[in-house]
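Participant: the sequence isn't on hand, but the structure is:
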């Protein structure tokens, strides 16, 4: 042996002795920590910090040294194997072995049996003559080495499979681990949009033991996330055993800036496998300098979801995984006191995976959605909100998440509905078919800024949401972004992972790629095709509009102008207000240019692409607050407080100049008018819970009643009305009454109902006056048709409302359209129909209105299951709305007496209309119908029982075409039984013993939520 060889051998032996000594020392410390008497931080530390906190700090030196020695010796000698191993040679794992899963470049996986227990064998592809493949993966620092370090360093931790041992087969490594069960699901092996399909066992565990399953997942992640990063994050990387314990079975990548990573690099240097070249920049832990997000590296695109089409719907990568540039302060050395600004990329950390568990549809969101226990589901959603914060420092650690679960299990507390569930139940969603239908599929937001003041204010709300949730947001002309809607790179091409070696270095196009976006915000030319290319397919698109002159005033006031208003208007608006309509038409704004007729028509058509249109004037009256609630609610987070908006003041200019600007702004005026007529349009504070009494303000009848009074006295049109005429043809429907004839017509392609007085001279206080008061005073409430407008033809009154559908009926067999529709909804969606019915009654019965002409054709049902009362009821004489009408007109029809009446017997008490009280034998009510005692006249303790909301509560429980008809037809036995329980509650003799409509709605909501989760 040469001198050089002897020196090399001596150095190797010396290193082995040092490693053996280090291992012995570490094992002694570990043994001491395992003793019952051992305490870190004092005898009470374990009690103070909780069970999870008592685990000793990770000691990586012994595990790393043991695996290093085994790889360096490269012999099947049990004396060099770690002491915990029970497998050291091929004979320890008898055949047969069964291949499972898909082979990768580095290993193939088999299932075998050792001493009656199932084990997993991993190695290169097995042939008859041994193992084959590239031996580089089997070397120290290679893929299998790193997996063995992961298993050995974290031995005994939750979710880490037990490493039973390993051996050498020539140049190849074969390792054996305990069997952690079957994969929890199956998803794309790399990039792709196919959703993960979870196993039946995982689904059952999520339904029946959601907190235990969530805890196991969080403990598993917490075991390795401090020193490792799993950027190949997919369901098949995780298994679940028969006890519900979740394991991560494939070794993650080591973080080079952590103690374990540094120890590995010291031992193997450049041989350490970092995966692909592209993602090493994100994993090396260095703080890259940057000026913007595009300067920062990103992880594998199946993890970061940076590129469009790289992840399943609902999946979102953490901001730092996508590449996030952060501006912070640092002090340049201890001898300097001056602070400098440093832009650096946000590093990856444990908190990256905290974000992942909250934003992978197959992890916490799946469990929360499947949980049979509503309280457990809402609690998990509260954890998701915490873990899904945009800034890593704001997210809890895995330890803190586990502690929260433990605390909840020990002392469960009721959790109210989260922001997204509350938003779905709100009037702004339930009142619009498009928003209601697409709500649970909304995956992104698009805001087209059409108004100056409104846009500036809304931008701040959007940016706060982006920062809070770590969303991928693109704002025009910000951070290097252009003026157009971005188009993702390589659109239409096969989706690839751009971090892979085979892809090569990132091009300038890739660096500037907008990628997979959550929110698109800005003053860009509207192009619906490009919007759907930039965002996922279910886009919640909204905009803010304002009238043309307010745009002029806003630009003057917000710009802090001090020049002459006339000069400002002439200089800034030579062709009127053009910028917003040009952008809506898909054009870049060109100063000094005017829009054409065809371009304006395109702008008008594009209004139909928006799910929500907000009037800028409403931003100062609660609109901005409610818009923030809608946008944050879509992402299931509470909206922050927003600044109060100051209304824009008047701009005093020459009348002729104002007239000229408004005339030139003809297209903007058309857009504003058209926007107000759209179902998506909202004005004022609009975020209100649907049908829930507590969320409605106390009834204020003075404003709507006064508006109708002015219409009758001075022909002044109320502000909410949108039409003042309806073109022919009109088709009469139903039978004409003494007061009016009813027609169906169309306005802008939508069906409307037109009602015309049969005689001239209709004045205030009459039947039609009271019907308009009913429609206007209850505007926006469930089951009250929207009053579109009214007009006079000579002295004859005509008015139009939205079409509320066909009259309901419980006829058997159901022959008419309304009867068939009622029967279908009662069979398939009984709870939804019952809720709509109760909400309709609540809207007017709780506000002092009373329906004594009680017939089924007074109510209609739409295709969407919404119930409307289409003929105006009477006002209770003592109600605020009745008193207001009497003060104005003295003589008022359509009043229902409800004052105190003394009596000695039932015959002394008044009765309601025979169709309501069922008191006329010549006009009998339908079979099975019963009237409330007070409706037929009931004397109690010397006083007649008074009519009230509770009278109609009795009615809905005792008319076969109301709740009894729904309960009888319900195909779901549980729903039918529940509705019959409501009927029993409402069917009480004394009004005070009956629940209110609000209480009935609350009971229905609680049952429906628990019933839906059980289903």
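Facilitator: Happy to help now that I have it. Every value quoted in this text rests on a predicted model; they were computed, and no experiment measured them.
Participant: so what pLDDT did residue 50 get?
Facilitator: Residue 50 is assigned a pLDDT of 33 by the prediction.
Participant: check residue 31 too.
Facilitator: 43.
Participant: where does pLDDT dip in the stretch 451-600 of the chain?
Facilitator: 451-455, 501-505, 558-562 (pLDDT under 70).
Participant: could you pull out the helices for the stretch 351-500 of the chain?
Facilitator: For the stretch 351-500 of the chain, the helices defined by DSSP state H, counting those that start in this stretch occupy 364-370, 374-387, 398-410, 419-425, 427-430, 433-438, 452-469.
Participant: name the helices or strands packed onto the first one?
Facilitator: Identification of packing neighbours for helix 364-370 by 3 or more Cβ pairs under 8 Å, 6 or more residues apart in numbering; DSSP states H and E yields helix 200-208, helix 210-224, helix 350-359, helix 374-387. C-beta here means a position set from N, CA and C on the backbone, and glycine is covered the same way.
Participant: and for the last one, what's in contact with it?
Facilitator: With contact meaning Cβ atoms under 8 Å, 6 or more residues apart in numbering, helix 374-387 is reached by 210-211, 214, 354-355, 357-358, 364-365, 367-369, 371, 395-396, 401, 404-405, 408, 412, 414-418, 636-637, 1009-1010, 1013.
Participant: which SSE is immediately downstream of the helix-or-strand element of the chain with minimal mean pLDDT?
Facilitator: Within the chain, confidence by mean pLDDT, DSSP states H and E is lowest for helix 45-49 among all helices and strands, at a mean of 28. Using DSSP states H and E, the next helix or strand after helix 45-49 towards the C-terminus is helix 60-73.
Participant: tell me the mean pLDDT for that following helix?
Facilitator: The model assigns helix 60-73 a mean pLDDT of 79.
Participant: next helix or strand past it?
Facilitator: Trace forward from helix 60-73 with DSSP H and E and the next one is strand 98-100.
Participant: by contact count, what packs against the next helix or strand after that next one?
Facilitator: Remark: after strand 98-100, the chain's next helix or strand is strand 108-114, criterion DSSP H and E. Where contact means 3+ Cβ pairs under 8 Å, 6+ apart, strand 108-114 is packed against strand 98-100, strand 117-123, strand 125-127.
Participant: mean pLDDT for those: which is lowest?
Facilitator: Taking the mean pLDDT of these, strand 125-127 comes last: a mean of 60.
Participant: related to what we said a few turns ago, out of the helices and strands packed on helix 364-370, nearest to residue 81?
Facilitator: helix 210-224 (22.9 Å; Cβ to Cβ).
Participant: for that closest one, buried residues please.
Facilitator: 210-224 (16 or more other Cβ atoms under 10 Å).
Participant: pick the one among these closest to residue 116.
Facilitator: Among those, and counting by Cβ to Cβ, the member closest to residue 116 is residue 216, at 25.2 Å.
Participant: and the closest one, how far from residue 241?
Facilitator: 10 Å (Cβ to Cβ, to the nearest Å).
Participant: can you show me the strands along the stretch 501-650 of the chain?
Facilitator: 519-522, 539-545, 612-615 (DSSP state E, counting those that start in this stretch).
Participant: CSV please, covering the ones you listed and showing distance to residue 206 and mean neighbour count.
Facilitator: Formatted as CSV, the strands of the stretch 501-650 of the chain follow (distance: least, Cβ to Cβ, whole Å; neighbours: other Cβ atoms under 10 Å):
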stretch, distance to residue 206, mean neighbour count
strand 519-522, 30, 24
strand 539-545, 28, 24
strand 612-615, 33, 24
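Participant: among the ones you listed, which comes closest to residue 198?
Facilitator: Nearest to residue 198, of the strands of the stretch 501-650 of the chain and by Cβ to Cβ, is strand 539-545 at 27.1 Å.
Participant: what residues does residue 159 make contact with?
Facilitator: Per Cβ under 8 Å, 6+ apart, neighbours of residue 159: 216-217, 219-221, 223-224, 245-248.
Participant: for these, work out which two are farthest apart.
Facilitator: 224 and 245 (14.8 Å).
Participant: just name the most buried of the helices and strands packed on strand 108-114.
Facilitator: Using mean count of other Cβ atoms under 10 Å, the stretch among the helices and strands packed on strand 108-114 with the largest mean neighbour count is strand 117-123, at a mean of 20.
Participant: and that strand, what other elements does it pack with?
Facilitator: strand 108-114, helix 143-153, strand 172-178.
Participant: so it versus strand 172-178, what angle?
Facilitator: 160 degrees (axes from the mean of the first three to the mean of the last three Cα atoms, to 10 degrees).
Participant: angle of strand 117-123 against strand 108-114?
Facilitator: Using the same axes, to 10 degrees: strand 117-123 against strand 108-114 is 150 degrees.
Participant: tell me the strands beside strand 117-123, with direction?
Facilitator: With DSSP bridges as the test, strand 117-123 is paired with strand 108-114 (antiparallel), strand 172-178 (antiparallel).
Participant: of all these, which lies closest to residue 860?
Facilitator: strand 108-114 (62.9 Å).
Participant: can you pull the buried residues of the closest one?
Facilitator: 108-110, 112, 114.
Participant: now residue 741, what are its backbone angles?
Facilitator: Note on residue 741: backbone dihedrals following degrees, to the nearest 10 are phi -120, psi 140.
Participant: next up, the contacts around the closest residue to it other than its chain neighbours.
Facilitator: Excluding its sequence neighbours, the residue lying closest to residue 741 (Cβ to Cβ, 6 or more residues apart in numbering) is residue 756, at 5.3 Å. For residue 756, the contact set (Cβ under 8 Å, 6+ apart) comprises 740-741, 743, 796-798.
Participant: next: residue 746.
Facilitator: Contacts of residue 746 (Cβ under 8 Å, 6+ apart): residue 752.
Participant: run the last query once more with 6 Å
Facilitator: Contacts for residue 746 (Cβ atoms under 6 Å, 6 or more residues apart in numbering) come out as none.
Participant: pLDDT score for it?
Facilitator: For residue 746, the predicted pLDDT is 91.
Participant: ok, back up a step: can I get the helices and strands packed on helix 364-370 in CSV with distance to residue 876?
Facilitator: Putting the helices and strands packed on helix 364-370 into CSV (distance: least, Cβ to Cβ, whole Å) gives the following:
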stretch, distance to residue 876
helix 200-208, 49
helix 210-224, 49
helix 350-359, 51
helix 374-387, 38
